[in-house]
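A.B. asks: from the sequence below, what's the structure:
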Amino acid sequence: MLSDQDVEMQESQTAPGASESADDALIACLTEIERFVASSSRGGPPRLFALVRTVDLVKAEPALAGQLAIGNPDSLSSIEQDDFRPGEDLAQALATTTWGDAVDGAAICVERIFLPDDCADEMPNDPDKAAAFVAAHPKRQEVRVVAGALRDGSHYGVARLVEHPDELLGSIDLVPALESAVLATLR
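C.D. replies: Here you go, the predicted model:
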């Protein structure tokens, strides 16, 4: 596992067509979102964010200049979409989400409970029974995942386990389906 500092400073893998600087900006923004969401209570609904270049945001909203740090031209700022209400089907909600041209990327934060692989054989087939089984299992683990993507195809995910609050996991394809779903909102 990586510390927060390692995720921010690690040399990122560059997605096809993406610049290393853009990847670094995406990683930094996702890490910032994870810290922001961590300051609120656990167990909330999925949270959606628009990602915009900070320099463009300051041009559009000069009053924000004192509140935003512009590290480099690729720096990103996140804007939470307070009206996002995915209901029970997050995949469907993301499939119907689109962004205007001013948005350079998107990110979603979800919190989930999961079991280690060695518990898979114990899992009931019925979805309601499986959910109750996972929630009550002594080996359950809680995780917060932030997955994001940029219009150039860059995508990345960061995750933090409750049991390891000082460690942040991060990589391309950390949660492939979620990263792909976020990327699809940008097309």
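
A.B. asks: now do the helices in this protein.
C.D. replies: In the chain, the helices defined using DSSP state H lie at 4-9, 20-38, 54-60, 90-95, 127-136, 176-184.

A.B. asks: in JSON lines: those helices, plus mean pLDDT.
C.D. replies: Output for these, formatted as JSON lines (pLDDT from 0 to 100):
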{"stretch": "helix 4-9", "mean pLDDT": "36"}
{"stretch": "helix 20-38", "mean pLDDT": "89"}
{"stretch": "helix 54-60", "mean pLDDT": "88"}
{"stretch": "helix 90-95", "mean pLDDT": "95"}
{"stretch": "helix 127-136", "mean pLDDT": "87"}
{"stretch": "helix 176-184", "mean pLDDT": "96"}
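
A.B. asks: Arg47: which of those helices is closest?
C.D. replies: Ranking these by proximity to Arg47 (CB to CB) places helix 20-38 first, at 6.2 Å. Bear in mind the C-beta positions are built from the backbone N, C-alpha and C, glycine included.

A.B. asks: buried residues, that closest one. List them.
C.D. replies: Across helix 20-38, burial judged by 16 or more other CB atoms under 10 Å covers 22-34, 37.

A.B. asks: the most centrally placed residue in the chain bridge partners, please.
C.D. replies: Nearest to the geometric centre of the chain sits Val146, at 1.9 Å (CA atoms, centre = their mean). In this structure, Val146 bridges to Cys109, Val158 when assessed by DSSP bridges.

A.B. asks: wait, it touches Leu30, no?
C.D. replies: Yes - with contact defined as CB atoms under 8 Å, Val146 reaches Leu30; the gap is 4.8 Å.

A.B. asks: are there residues contacting both of the two? Which ones?
C.D. replies: Common contact partners of Val146 and Leu30 (CB atoms under 8 Å, 6 or more residues apart in numbering): Ala107, Gly157, Val158.

A.B. asks: highest neighbour count among those?
C.D. replies: Among the shared contacts of Val146 and Leu30, the one with the most neighbours (other CB atoms under 10 Å) is Ala107, at 29 neighbours.
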